[in-house]
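*Asks:* return a 3D structure for these sequence lines:
(2 chains)
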2 protein chains.
Amino acid sequence: MNVAERAQVRRIPKRAAYDAETIHSILDAGFLAHVGFCVNGQPFVIPTLYGRNAGRLYLHGSTASRMVRELETGVPACVTVTLVDGLVLARSAFHHSMNYRSVVAFGTARKIEDPEAKIQALRIISEHLIQGRWKDVRGPYEKELKATSVLEFSIEDASAKVRTGPPVDEEEDYALEVWAGVLPLAITPREPIADPRLAPGVDVPEYVQRFGSEPSPPKG
Amino acid sequence: MNVAERAQVRRIPKRAAYDAETIHSILDAGFLAHVGFCVNGQPFVIPTLYGRNAGRLYLHGSTASRMVRELETGVPACVTVTLVDGLVLARSAFHHSMNYRSVVAFGTARKIEDPEAKIQALRIISEHLIQGRWKDVRGPYEKELKATSVLEFSIEDASAKVRTGPPVDEEEDYALEVWAGVLPLAITPREPIADPRLAPGVDVPEYVQRFGSEPSPPKG
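*Replies:* Residues are numbered from 1 along each chain as shown, chains lettered A, B, ... in the order given. As a prediction, the model looks like this:
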């Protein structure tokens, strides 16, 4: 396999993966990306939502946003998605770690100009975040579409990094009477809070109630 | 207030804050940062843990890691921390949003060379992640310290951005029979999983059991 130098994982390469299936499964399990770009050597890292179709990610933002205005010029960009699955508590400070799944994707973005293609990309972002929502809501007005930039980010190369399982300690430390193990973590929903101005008699939709209930992250 | 241009929030400035108290409170509530740096115009965004002392963040990594090797040269860096507090489900696609707290911090890092200062910084990172852990574990051997680079990132300027509360819809959309409101989200722990090789009779420490139970994120 020929991995581009920028996507080569240098540290603990056994945790790295470069196949599309692993990379896409992590991208599909997350919803928040951190997007990096450089302006005269100054890096910016901006959190944003996204959606995916094959090897393309869709991002959106106000036409006034710095991220949108820089990315749409086609500068090199980096989109990173990180899922925290747990704290790995070892017997030694040095071997503490996290269980996580992350993707670092490199590529460039282009602005989607066609209104129908924009709406389609916005639908992909919306359904990626909360499947089932799009059909329920009032679609974008023309003026709303004009105020929104939608970007298609083509993944040119990417790497995934995954850690699972218990801590790995030095052999001599296993006898220590120190609790060791994994504290699993996950982003979980609480009870939905209805808008104070909700129209009477409207129930919480099923797709809101089951948000995050599947798929489950890897154990341990 | 004189805000550096790179830290100026352009989009929805009413959600922005530049005061140290707001910025530090968000940094203290998170534990995962996304660190950005540029190599010949190519941005990299790498997830990492951190700790804070006043206006300085501590980062660590293997001496082999690309992030460490680039940052320790003193290049401009961007450290972003994002806490997701909820999905904001509006009646229109356009007004969907998130409740979140984020900090985008700009500055430069330097490598900490002094072994005592390195240990102190590692303790800050450890206690930031899970308070109470450091005193229980075997401290770093000299060879472990040598394999670890610890960086002090000085925040030169930063901005926070916060959204709370219910969706804000167009007046004419409030009559729609569409469920609207907030689905609160939080990173929550599940039951700790003991290491299969745990020494007999060692209980789960109190600081593991109460992880994440305080402070609570803003409501709504």
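*Asks:* any low-confidence regions in chain A?
*Replies:* Low-confidence regions of chain A, defined here as pLDDT under 70, cover residues A:1-2, A:214-220.
*Asks:* just checking, residue A:144 touches residue B:169?
*Replies:* No: counting by CB atoms under 8 Å, residue A:144 does not reach residue B:169; the two are 11.9 Å apart. To be clear about C-beta, it is placed using only N, CA and C from the backbone, and glycine gets the same treatment.
*Asks:* which one's more surrounded, the two?
*Replies:* When residue A:144 and residue B:169 are compared on other CB atoms under 10 Å in any protein chain shown, the one with more neighbours turns out to be residue B:169, at 21 against 16.
*Asks:* coming back round to it: what do residue A:144 and residue B:169 both touch?
*Replies:* Here residue A:144 and residue B:169 share the contacting residues residue B:92, scored by CB atoms under 8 Å, 6 or more residues apart in numbering or on different chains.
*Asks:* report how many residues lie close to the closest residue in space to residue A:20 that isn't next to it in sequence.
*Replies:* Across the structure, with CB to CB, 6 or more residues apart in numbering or on different chains as the measure, the residue nearest residue A:20 apart from its sequence neighbours is residue A:55 (7.1 Å). Around residue A:55 sit 16 other residues, with neighbours defined as other CB under 10 Å.
*Asks:* which residues does residue A:55 contact?
*Replies:* Applying CB under 8 Å, 6+ apart to residue A:55 gives the contacts A:20, A:154-155.
*Asks:* for it, grab phi and psi.
*Replies:* phi -90, psi 20 (degrees, to the nearest 10).
*Asks:* and the gap between it and chain B?
*Replies:* Counting by CB to the nearest CB, to the nearest Å, the separation of residue A:55 from chain B is 18 Å.
*Asks:* what's the biggest helix by length in chain A packed up against?
*Replies:* Across chain A, the helix with the greatest residue count (assigned by DSSP state H) is helix A:115-129. Using 3 or more CB pairs under 8 Å, 6 or more residues apart in numbering or on different chains; DSSP states H and E as the contact criterion, the neighbours of helix A:115-129 among helices and strands are strand A:42-49, strand A:51-53, strand A:56-62, helix A:142-147, strand A:148-163.
*Asks:* from memory residue A:76 sits against residue B:40, does it?
*Replies:* No: in terms of CB under 8 Å, residue A:76 does not count as a neighbour of residue B:40; the distance is 9.3 Å.
*Asks:* okay, these two: which has more neighbours?
*Replies:* The residue with more neighbours, out of residue A:76 and residue B:40 and counting by other CB under 10 Å, is residue A:76; that gives 19 against 8.
*Asks:* roughly how far does the more buried one sit from residue B:69?
*Replies:* When CB to CB, to the nearest Å is the yardstick, residue A:76 and residue B:69 sit 19 Å from each other.
*Asks:* and if you look at residue A:147?
*Replies:* Taking CB to CB as the measure, residue A:147 falls 42 Å from residue B:69.
*Asks:* ok, now residue A:37?
*Replies:* Distance check for residue A:37 against residue B:69: by CB to CB, it reads 21 Å.
*Asks:* tell me which of the two has more neighbours.
*Replies:* Here residue A:37 and residue B:69 are set side by side on neighbour count (other CB under 10 Å), and the busier one is residue A:37, at 28 against 15.
*Asks:* not counting stretch A:193-207 itself, show me its contacts.
*Replies:* Stretch A:193-207 is touched from outside by A:130-133, A:136, A:192, B:86, B:166-167, B:174-184, B:219-220, with contacts defined as CB under 8 Å, 6+ apart.
*Asks:* same thing but at 6 Å, please
*Replies:* A:132, A:192, B:166-167, B:174, B:177, B:179-182, B:220 (CB atoms under 6 Å, 6 or more residues apart in numbering or on different chains).
*Asks:* buried subset of these?
*Replies:* Among the contacts of stretch A:193-207, those classed as buried by 16 or more other CB atoms under 10 Å in any protein chain shown are A:192, B:166-167, B:179-182.
*Asks:* so which of the residues you listed sit within strands?
*Replies:* Counted as lying in strands by DSSP state E, out of these, are B:181-182.
*Asks:* looking at the buried ones among the contacts of stretch A:193-207, which is nearest residue A:209?
*Replies:* Out of these, the one with the shortest distance to residue A:209 is residue A:192. That distance is 7.4 Å, counting by CB to CB.
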